[in-house]
Structure formats: structure tokens, C-alpha cells
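>>> Just the structure for this:
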Amino acid sequence: MGRSLGYFDSDELDRPELNKCPECECYFASEECPLCGKVCPEHMRAGNRAPVKKPKKTRNSSGRVQFIPWYHTWWFILIMMFFMPVVGVVLFFTSPYSKKVKIIGAVIGVIYVLAYVFMFYLGGINMIFKLMLGEYDLVNDDISREAYIETCEDLSVEEFYRISDDDGVYITIELKVLERHVDLSLYGDEQNVYYLCTDETGEILIYVRDCSLDNAGNYLKGDTIRVWGQNAGEQRIYPEGQTPQSHPCLNMAYSERVN
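Reported below is the predicted structural model:
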């Protein structure tokens, strides 16, 4: 069969050499529309019509399924980004995703890698914890050792235990070392060393956090020590290989072994 009058293919956007009927939207060479009989208005005549904009080209897979290797799937790349950021970035760059997506992902990946290095290799987590907990000034280092010791109030273990909620009080106390603990709840090794101590009766337990300003320390089980420091309130410690423990804590600025 031939083409009917006014017919045009759906793929064609326009026929600039022909007139167009605004009602029937068909093209013809005469003055009147062959379908509805209306005279073609001036703005729809050949040469007077505005050009039709062509639609943007889109990716066409022609109905074929594109298989992506498992190592280029988004879920695997995200896992690698989290555990091995450098590998994740490389996989993302070599993946079949569009250039725009790769650029955005690359920027996010670089930021994540820098944050990862800062947090896990430069002690960033430890720094953040210290900022949150206010642990950069655990003891006052603005005064001399003599002035610090003179400021401290001499208390028994029982008296210290009863005022353990008053943070920052300057205290000197004599204690017996039971164990040395390293708190695993914070990264790094600064200010994470604690001595589990008691009095002569062994009934009251307190923690002494090693914040020494004179590099004293490394005490052993059974040592009797004199400690000068500031009350730190109740502290929960996570020693290696043991269950968490919570005791009143004293931040040790200065100390000496009595025997």
C-alpha cells in the first residue's frame, strides 16, 4: 500500500518544505489541508515555522543486557571503599560507569581516603576522643612541681572514694599497686595507662591514670606509691583480655615509689 495523504514517519521531526495543519498535524503542498479543508495559517506555512528541537541522544543498549564484572558492581566497590579505600578508588575508575559519576565518586573517594589516613594512621580517632572527653588538660602543667604538690590535699583512700564525683580536686594519696592496665577503648598509647590500686586493707579499688609530667611511672604489682594528681571522677576501663571495670579515677601528675 502507498502512503496516505499527509502521512509522515514518526521518526521525522519536521518537513520544512511543506505546510503543516495545526489541527491534523499533517504536511501538504497546497493552500488547504487535504484532511480537514482548513487554510494553512501563515505561521504554519513552509519557511515560517520555528525549527523543531531535536531530542538529546540517550544511551541505547538495543535491548541487550550489559553484564558488569562482580568486582565492578557498586556494592563491591563500596565494601572496598570502606575497608581498602585505595583499591575501591581504583575499581571505581576502571568501572564502566559514566564520566560524570566517576568524577563525583573520585572526589568523594579522595576525601574518604584522606579521612581514613587521618583517623587510623595519624591518631585522628584518639585526638577526637580526647577533644570530646576534654582529655588534653588532664592535669595542670602551668605551675611548677613544688607548687602543684603544695596545692594537693592529703586524703586517705576512703576519703578520696567519697569525693570521687568532684572533678578537678587536687589530691595526694598513698596507694598500693595491684595491676597495670592499658585502656583499649581509645586508639594510641598516650594517657591510656592505668594502675589499679587499693589501700592497705585491699577493700577499696581506685584507678590512677598515668599523666605524669616528670616521666615517672612503670610501677609494678606490690609497689606502694605516693601520687599527686587531680580527681577524674568515675572511669570505665577496657583492659586487654579482661571484662570492663569502672572505678573512681585520679589523674596522676607526679608520683614517687615509697617502697
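>>> Please count neighbours and contacts with C-alpha atoms only from this point.
Noted.
>>> same for the longest helix along the chain, what does it pack against?
As assigned by DSSP state H, the longest helix anywhere in the chain is helix 99-120. Contacts defined by 3 or more C-alpha pairs under 8 Å, 6 or more residues apart in numbering; DSSP states H and E place helix 99-120 against helix 85-94.
>>> ok, and what's touching the helix it packs on?
For helix 85-94, the external contacting residues (C-alpha atoms under 8 Å, 6 or more residues apart in numbering) are 71-72, 77-82, 102, 105-106, 109-110, 112-113, 116.
>>> Drop anything exposed from the residues you listed.
By neighbour count, with 16 or more other C-alpha atoms under 10 Å, those hold H72, I77, L78, M80, M81, F82, K102, A106, G109, Y112, V113, Y116 as buried.
>>> what helix or strand does the third one sit in?
Following DSSP states H and E, one finds L78 within helix 74-83.
>>> Could you count how many residues lie near A29?
Neighbour count for A29, taken as other C-alpha atoms under 10 Å: 14.
>>> How about it: what's its closest non-neighbour residue?
Nearest non-adjacent residue to A29, counting by C-alpha to C-alpha, 6 or more residues apart in numbering: L18, 5.4 Å away.
>>> Quick check: the gap between the residue nearest to R45 when sequence neighbours are not counted and E42.
With sequence-adjacent residues excluded and distances taken as C-alpha to C-alpha, 6+ apart, R45 is closest to N19, at 4.4 Å. N19 is 9 Å from E42, where distance means C-alpha to C-alpha, to the nearest Å.
>>> More neighbours: the two, which one.
Higher neighbour count among N19 and E42: N19, with 26 against 11, using other C-alpha under 10 Å.
>>> For the more buried one, what are phi and psi?
Phi and psi for N19, reported as degrees, to the nearest 10, are phi -80, psi 160.
>>> Tell me the bridge partners for it.
Note on N19: beta-bridge partners by DSSP bridges are F28.
>>> I'd guessed it sits against N48; true?
No - counting by C-alpha atoms under 8 Å, N48 is not a contact partner of N19; they are 9.2 Å apart.
>>> can you pull the contacts of the residue nearest to R45?
Going by C-alpha under 8 Å, 6+ apart, N19 touches Y27, F28, A29, S30, E31, C40, M44, R45, A46.
>>> could you redo the last one with a cut-off of 7 Å?
The neighbours of N19, taking C-alpha atoms under 7 Å, 6 or more residues apart in numbering as the test, are Y27, F28, A29, C40, M44, R45, A46.
>>> Buried subset of those as a ChimeraX selection?
In ChimeraX, this line selects whichever of those come out buried by 16+ other C-alpha under 10 Å:
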select :27,28,40,44,45,46
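>>> which one of the contacts of N19 sits closest to W228?
The nearest member of the contacts of N19 to W228, counting by C-alpha to C-alpha, is M44 at 96.9 Å.
>>> Chain neighbours aside, what residue packs nearest to the closest one?
K20 (5.6 Å).
>>> residues near the one you found, how many?
K20 has 26 nearby residues by other C-alpha under 10 Å.
>>> From what I see, it and E42 are in contact.
No - the criterion here is C-alpha atoms under 7 Å, and K20 misses it with E42 at 10.0 Å.
>>> any idea of the pLDDT on I143?
Looking at I143, its pLDDT stands at 90.
>>> next one: F129
As predicted, F129 sits at a pLDDT of 57.
>>> for the one 4 residues further on, same thing?
What the model reports as pLDDT for L133 is 52.
>>> wait, isn't L250 in contact with C211?
No - counting by C-alpha under 7 Å, L250 does not reach C211; the two are 9.6 Å apart.
>>> of the two, who's got more company?
Neighbours were counted for L250 and for C211 using other C-alpha under 10 Å; L250 has more, 34 against 23.
>>> On the three-state scheme, the more buried one is what?
With DSSP: H, G, I helix; E, B strand; the rest coil as the basis, the three-state label of L250 is strand.
>>> OK, contacts around it?
Neighbouring residues of L250 by C-alpha under 7 Å, 6+ apart: Y207, V208, R209, G229, Q230, N231, A232.
>>> The same query, at a cut-off of 6 Å, please.
L250 sits next to V208, Q230, N231, A232 when contact means C-alpha atoms under 6 Å, 6 or more residues apart in numbering.
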